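*Asks:* what follows is a predicted structure for the sequence shown.
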Amino acid sequence: MRLLPHPATEDIQLTEVLRALSDPVRLEIVLRLAHRGEMTCTDAGDDLGVHKSTASHHYRSLREAGVIMSKQEGRLVYISLRRDNLETRFPGLLASVLSAAHVPA
């Protein structure tokens, strides 16, 4: 298993998290992860209506903002929400975003 580069919890910036969540496709990815938990990039990207390269861009944006964790196992990349890290850094933010999007936190 190989972890891709992520910002440390203390380095996650609110402006970057909000920028990442402002895109409808990225928000949909976050909603899927909140609902289903850890997923492969392939599963998370099903029916997003974007090309694989565009989905990869969205995953990278979310990872670099500190919203998701990505780990590679062989040819598969698994992604998951950094719930605990986001809650530590910005208490209530993720719950508020998910609530506003009508999904339980």
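*Replies:* That came through fine. Because the structure is predicted, anything quoted here is derived from the model rather than measured.

*Asks:* and the contacts of the lowest-mean-pLDDT helix or strand in the chain?
*Replies:* Using mean pLDDT, DSSP states H and E, strand 2-3 stands out as the lowest-scoring helix or strand of the chain, at a mean of 74. Outside strand 2-3, the residues that touch it by Cβ atoms under 8 Å, 6 or more residues apart in numbering are 69-73. Any C-beta I mention is one placed from the backbone N, CA and C, and that applies to glycine too.

*Asks:* who are the packing partners of the helix or strand following that strand?
*Replies:* Using DSSP states H and E, the helix or strand that follows strand 2-3 in sequence is helix 14-21. Secondary-structure packing of helix 14-21 (3 or more Cβ pairs under 8 Å, 6 or more residues apart in numbering; DSSP states H and E): helix 24-36, helix 52-65, helix 93-100.

*Asks:* now do 6 Å
*Replies:* Using 3 or more Cβ pairs under 6 Å, 6 or more residues apart in numbering; DSSP states H and E, the elements in contact with helix 14-21 are helix 52-65.

*Asks:* tell me what the helix it packs on is packed against?
*Replies:* Looks like helix 52-65 contacts helix 14-21, helix 24-36 (3+ Cβ pairs under 6 Å, 6+ apart).

*Asks:* so where's this protein uncertain?
*Replies:* The chain contains residues with pLDDT under 70 at 103-105.

*Asks:* which residues touch the residue most central in space within it?
*Replies:* Centrality entry for the chain: nearest residue to the mean C-alpha point is Ile68, 3.5 Å, by Cα atoms, centre = their mean. If you count contacts by Cβ atoms under 6 Å, 6 or more residues apart in numbering, Ile68 has them with 62, 79, 81.

*Asks:* excluding its backbone neighbours, what's nearest it?
*Replies:* Once flanking residues are discounted, Ile68 sits nearest to Leu62: 4.5 Å by Cβ to Cβ, 6 or more residues apart in numbering.

*Asks:* ok, back up a step: now neighbour count and distance to Asp46 too, for the contacts of Ile68, in a markdown table please.
*Replies:* Listed next are the contacts of Ile68 as a markdown table, based on neighbours: other Cβ atoms under 10 Å; distance: Cβ to Cβ, whole Å:
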| residue | neighbour count | distance to Asp46 |
| --- | --- | --- |
| Leu62 | 25 | 17 |
| Ile79 | 24 | 13 |
| Leu81 | 20 | 18 |
